[in-house]
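Trainee: Sequence first, predicted model second:
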Amino acid sequence: MDEILQRFLGYLRGVRRYSDDTVQAYAHDIADFKRFLDNEGFGTYTDVSPRVAKFYAATLSERYEDESVSRKISTLRTFYHYLEDEDLIRTHPFLEIKRPKKKRRLPKFVYPEDIETLFDAIDTSKDKGKRDLALVETLYSSGIRVSECVNLKLNALDFDKRTLFVRGKGSKERLVPIGERALETLKTYMLTARKTLMKKKDHAFIFVNMHGNPLSQRGVSYILNEILRQAGHYHRMTPHTLRHTFASHLLERGADLRSVQEMLGHENISTTQIYTQISSEDLKKRYNEAHPRAKKK
């Protein structure tokens, strides 16, 4: 059975071209299902019937939130589709299992004045501050994911064309425009602070930590939290908030949906459309706050 699982994970990496993190999540979900089969004495993967699948789905609802239940069922559907294609099973046990309806939450974003407060709180007289400003400017100016940002290398920057060459989910590549302010901060950081922070290290990653090693995603979150503390902001903001803010600010100012989709690297435009809802919700909020006759007496 372990051999079947390893072959499936190899298929996800090689054929579906999923990232290591995604493959690890699939492995974790299937391991959870295997423990259930062992504990209940239901045999192996290939012995599972629709009744057993229904029973497992019911136990998931008792242990996890709807979003996690939905993901785990989706994982097992993919797994059993693979077993079907490999002629290892005759009946797909999870085909009729319904997933909980996904609750779509509006992404959190911040206003332009909050972004300016964030930038103003960074002390650029020091090497660390030069790096922090370049980092935050890059995230907000380009809207790239934090994972994409920490993996940027020197050859990803084109100062003349004002673009970033980004490798995103599933190793998909795209060109992303970046603003002049962000480019200026990047140029200053790379010509001064980065050289000092690198010490004797030798690698091509743009953003480095205080030891000269490539900056991690956790490191970016830590840096942002420090800046928020210095700015006096006590509400939570993550690197992903900057991505959401980038998208909502563009759409609010008239950018077309297809262009924003391309810049964000979204496969489906429906994923991008949620930001139009943010803009309309924000518009209604500002109207209710500002118009003297917006509310009943």
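Mentor: Thanks, I have it.

Trainee: SS state for Lys101?
Mentor: coil (DSSP: H, G, I helix; E, B strand; the rest coil).

Trainee: count of neighbours near Ala204?
Mentor: For Ala204, the neighbour count with other Cβ atoms under 10 Å is 10. From N, CA and C alone the C-beta is placed, and that goes for glycine too.

Trainee: bridging residues for the closest residue to it other than its chain neighbours?
Mentor: Spatial nearest neighbour of Ala204, excluding adjacent residues (Cβ to Cβ, 6 or more residues apart in numbering): Lys153 at 4.3 Å. Lys153 forms beta bridges with Phe205, as assigned by DSSP bridges.

Trainee: hang on, isn't Lys153 packed against Pro214?
Mentor: No: at 9.4 Å, Lys153 does not count as touching Pro214 under the criterion of Cβ atoms under 8 Å.

Trainee: okay, and the common contacts of these two?
Mentor: Taking Cβ atoms under 8 Å, 6 or more residues apart in numbering as the contact rule, Lys153 and Pro214 both touch Phe205.

Trainee: The two - which one has more neighbours?
Mentor: Pro214 (17 against 13).

Trainee: Could I get the phi/psi values of that one?
Mentor: Here is the backbone geometry of Pro214 (degrees, to the nearest 10): phi -60, psi 140.

Trainee: Okay, now the unreliable bits of the protein?
Mentor: 1, 102-107, 233-235, 277-297 (pLDDT under 70).

Trainee: What is the subsequent helix or strand relative to the helix or strand hosting Glu137?
Mentor: Assigned by DSSP states H and E, Glu137 belongs to helix 127-142. Downstream of helix 127-142, the next assigned helix or strand under DSSP H and E is helix 146-150.

Trainee: just checking, what packs against the following helix or strand past that next one?
Mentor: Downstream of helix 146-150, the next assigned helix or strand under DSSP H and E is strand 157-158. Secondary-structure packing of strand 157-158 (3 or more Cβ pairs under 8 Å, 6 or more residues apart in numbering; DSSP states H and E): strand 163-167.

Trainee: Quick check: can you name the pairing partners of the strand it packs on and their directions?
Mentor: Using DSSP bridges, the strands paired with strand 163-167 are strand 157-158 (antiparallel), strand 173-177 (antiparallel).

Trainee: distance between the ends of stretch 211-223?
Mentor: By Cα to Cα, to the nearest Å, the extent of stretch 211-223 from end to end equals 14 Å.

Trainee: next one: stretch 241-260
Mentor: 16 Å.

Trainee: again with stretch 194-207
Mentor: Across stretch 194-207, first to last residue, Cα to Cα, it's 8 Å.

Trainee: contacts for that stretch?
Mentor: 127-128, 131, 134-135, 149-157, 186, 190, 208-215, 220.

Trainee: If we go by neighbour counts, what in it is buried?
Mentor: Going by neighbour count (16 or more other Cβ atoms under 10 Å), the buried part of stretch 194-207 is Arg194, Leu197, Phe205, Ile206, Phe207.
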